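# With the sequence up front, the predicted model follows.
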Amino acid sequence: MVRSAFTLIELLISITILSILMLALYKAYDALNISNEIYKEKSQAIKSIELKKRTIYLDFALSVKKDDKDRVTYLEKDTEEDIVTFAGSNSIHKRYNPYITYLVKNKILYRVESLQEIKEYPFAADIRADIDVMGEVKKFKVFKSKNNDSYLIDARFKDENNILLKVKALNEI
């Protein structure tokens, strides 16, 4: 006797095995999605802190010395928070040699980019500038070297890693 088809029992067994395999694969797929979400969050946090490091580094490294003044001018010096301003050639908002100011207000670090020189804080009412929020900080300090060509920047963010950068000014204009 030659059989040309599967029996009902064989079909039920194969469907049961296939169902068990599908359950296992679904659990693995679900675990993969959960781990991908965790890695995505960690990746975004790393990207955020690296972008902040890059911006701060390029701002200070590409600072420009103007009119025999120091490259970086302190508008306000405090034990925990400095307000610094300088001219630079690094622009996020497509400006040519903007004036850049870093300030902390209500524990939030702001980066202010303007074509006008910022000489005082609070700012004048007619100033046009783009303000970027860098994040919530516990401390933001900028230390100059004795010959004013390098800086130590200490930015301690609340929810992220701290940034401690030693930056040598690259522009010799």
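Everything's here; your move. Numbers count the residues shown, from 1 in each chain.

# And the strands in the protein?
63-64, 72-76, 83-88, 99-105, 108-114, 129-144, 150-157, 163-168 (DSSP state E).

# Take those strands and write them to JSON lines, including mean pLDDT and mean neighbour count.
C-beta: built from backbone N, CA, C; applies to glycine. Compiled in JSON lines, the strands of the chain are given as follows (pLDDT from 0 to 100; neighbours: other Cβ atoms under 10 Å):
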{"stretch": "strand 63-64", "mean pLDDT": "82", "mean neighbour count": "21"}
{"stretch": "strand 72-76", "mean pLDDT": "74", "mean neighbour count": "16"}
{"stretch": "strand 83-88", "mean pLDDT": "86", "mean neighbour count": "22"}
{"stretch": "strand 99-105", "mean pLDDT": "90", "mean neighbour count": "21"}
{"stretch": "strand 108-114", "mean pLDDT": "91", "mean neighbour count": "19"}
{"stretch": "strand 129-144", "mean pLDDT": "88", "mean neighbour count": "16"}
{"stretch": "strand 150-157", "mean pLDDT": "88", "mean neighbour count": "18"}
{"stretch": "strand 163-168", "mean pLDDT": "88", "mean neighbour count": "14"}
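
# Figure out which of those is closest to residue 53.
Residue 53 lies closest to strand 163-168 among the strands of the chain, at 5.5 Å (Cβ to Cβ).

# Quick one: residues in contact with the closest one.
49, 52-53, 56-57, 60-61, 149-157 (Cβ atoms under 8 Å, 6 or more residues apart in numbering).

# Could you provide the strands of the chain in CSV, with additional columns for distance to residue 31?
Below are those laid out as CSV (distance: least, Cβ to Cβ, whole Å):
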stretch, distance to residue 31
strand 63-64, 49
strand 72-76, 50
strand 83-88, 47
strand 99-105, 42
strand 108-114, 38
strand 129-144, 32
strand 150-157, 32
strand 163-168, 34
